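Engineer: could you work out the structure for the sequence below:
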Amino acid sequence: MPGPGACGQRGAGSGLASHPHPAPQVGADSPIVCVSENSPNQGGKDAGTRQPLVILLGWGGCTDKNLAKYSAIYHKRGCIVIRYTAPWHMVFFSESLGIPSLRVLAQKLLELLFDYEVEKEPLLFHVFSNAGVMLYRYVLELLQTHRRFCHLRVVGTIFDSGPGDRNLVGSLRALAVILEHRPAALRLLLLVAFALVAILFHILLAPLTALFHTLFYDRLLDAASRWPELYLYSRADEVVLARDVERMVEARLAHRVPVRSVDFVSSAHVSHLRDYPTYYTSLCVNFMHSCVHC
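Structural biologist: Numbering: from 1, shown residues only. Just a heads-up that it's a prediction; the model follows:
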């Protein structure tokens, strides 16, 4: 399996190591990892305070260009930002089959912090849709169980358009968007294959599947993490249902996790920044500041 690729410039005064790390070659179906940092004059009014390292976990099929718009929110405020998107076939097929391939990618992502010598920085996760949440689930498990990662300090997590529970129609909509530029016959074949896998493993054989693989949504309901969480969602979302996000919020509150949730009401799936740029940005920045200073 190809490892993550890294991209970015090393500016003077950055929080990264001064010696270079060569970037591995990244194939078309490989995860995307970009490390960006500030030059000394880019920190703005927040440059005097220690900002977290922000890790963006993208939604299924998103491009680095998509994530760069979110990266800019933090980059302008003096943060190092890592952008990472898992391959869509792992998200839709490996996870549906109960194959924990994303765990390997989660470990590579956390190891990247040590490669760049930023493992002592406070971490803020910004997670998009179920694809990002699936990867985040394994990050949480590694933080709890892996000796090398247990000392990493996470200060907060933002969930955008997720997490959602078992929603076959919503998942098919998301996969259809990812496959829209593929040949029609291949697109139909993959959609039918995914639907059959989902019905077989998560409906007909759900009790058996649960014996060896816990779904990400169920895992997060009782996650051991206790740092603050911000949920950004919309009742107009046709991929991840608002009631699933609200049920997660209630469960996390029951575990005494500091939680805030915002319903954008009319914006579509992962479209809250596009429709409400000023409000969305202020929510993320204010949450980041509250996590760093709490």
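
Engineer: which strand or helix spans V262?
Structural biologist: Secondary structure assigned from DSSP states H and E places V262 in strand 259-263.

Engineer: now do whichever helix or strand comes after that strand, average pLDDT.
Structural biologist: The element immediately downstream of strand 259-263 (helix or strand, assigned by DSSP H and E) is helix 272-275. Helix 272-275 shows a mean pLDDT of 98.

Engineer: contacts for helix 272-275?
Structural biologist: With contacts defined as CB atoms under 8 Å, 6 or more residues apart in numbering, helix 272-275 is touched by 69-70, 160-161, 232, 234, 264, 266-268, 280-281. For the C-beta atoms, the positions are set from N, CA and C on the backbone; glycine is no exception.

Engineer: try it again at 7 Å.
Structural biologist: 69-70, 160, 232, 234, 264, 267, 280 (CB atoms under 7 Å, 6 or more residues apart in numbering).

Engineer: kindly report the same for stretch 60-69.
Structural biologist: 32, 34, 56, 58, 83, 85, 88, 91-92, 129, 131, 174, 177-178, 273.

Engineer: sorry, back to before: in strands only, show me the contacts of helix 272-275.
Structural biologist: 160, 232 (DSSP state E).

Engineer: can you show me the helices along the stretch 51-200 of the chain?
Structural biologist: 64-75, 88-89, 101-115, 129-145, 168-178, 184-199 (DSSP state H, counting those that start in this stretch).

Engineer: for V285, find the nearest of those.
Structural biologist: helix 64-75 (6.7 Å; CB to CB).

Engineer: buried ones in the closest one, by neighbour count?
Structural biologist: Across helix 64-75, burial judged by 16 or more other CB atoms under 10 Å covers 64, 66-67, 70-71, 73-75.

Engineer: and the contacts of helix 272-275 as CSV, adding distance to L191?
Structural biologist: Formatted as CSV, those follow (distance: CB to CB, whole Å):
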residue, distance to L191
K69, 28
Y70, 28
D160, 25
L232, 28
S234, 24
F264, 28
S267, 25
Y280, 31
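
Engineer: now list the buried members of the contacts of helix 272-275.
Structural biologist: The buried subset of the contacts of helix 272-275 - by 16+ other CB under 10 Å - is 70, 160, 232, 234, 264, 267, 280.

Engineer: next, the fifth one: phi, psi?
Structural biologist: Note on F264: backbone dihedrals following degrees, to the nearest 10 are phi -80, psi 0.

Engineer: contacts only, for the closest residue to it other than its chain neighbours.
Structural biologist: The shortest distance from F264 to any non-neighbouring residue, by CB to CB, 6 or more residues apart in numbering, is to S234 (4.3 Å). Listed by CB under 7 Å, 6+ apart, the contact set of S234 reads 242, 263-267, 272.

Engineer: 10 Å instead?
Structural biologist: 161, 240, 242, 245, 262-272, 275-276 (CB atoms under 10 Å, 6 or more residues apart in numbering).

Engineer: show me which pair in the buried ones among the contacts of helix 272-275 is furthest apart.
Structural biologist: Y70 and S234 (16.4 Å).

Engineer: in TSV, list the contacts of helix 272-275 along with pLDDT and distance to M288.
Structural biologist: Below are the contacts of helix 272-275 laid out as TSV (pLDDT from 0 to 100; distance: CB to CB, whole Å):
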residue	pLDDT	distance to M288
K69	95	16
Y70	97	12
D160	99	14
L232	99	13
S234	98	21
F264	98	19
S267	98	21
Y280	99	13
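
Engineer: closest to R182 among the contacts of helix 272-275?
Structural biologist: K69 (24.9 Å).

Engineer: from Q107, how far off is the closest one?
Structural biologist: 28 Å (CB to CB, to the nearest Å).

Engineer: quick one: the residue located most distally from the centre of the chain from L200, how far?
Structural biologist: Distance to the chain centre peaks in the chain at A185, reaching 30.6 Å (criterion: CA atoms, centre = their mean). Using CB to CB, A185 is found at 22 Å from L200.

Engineer: understood, closing this out.
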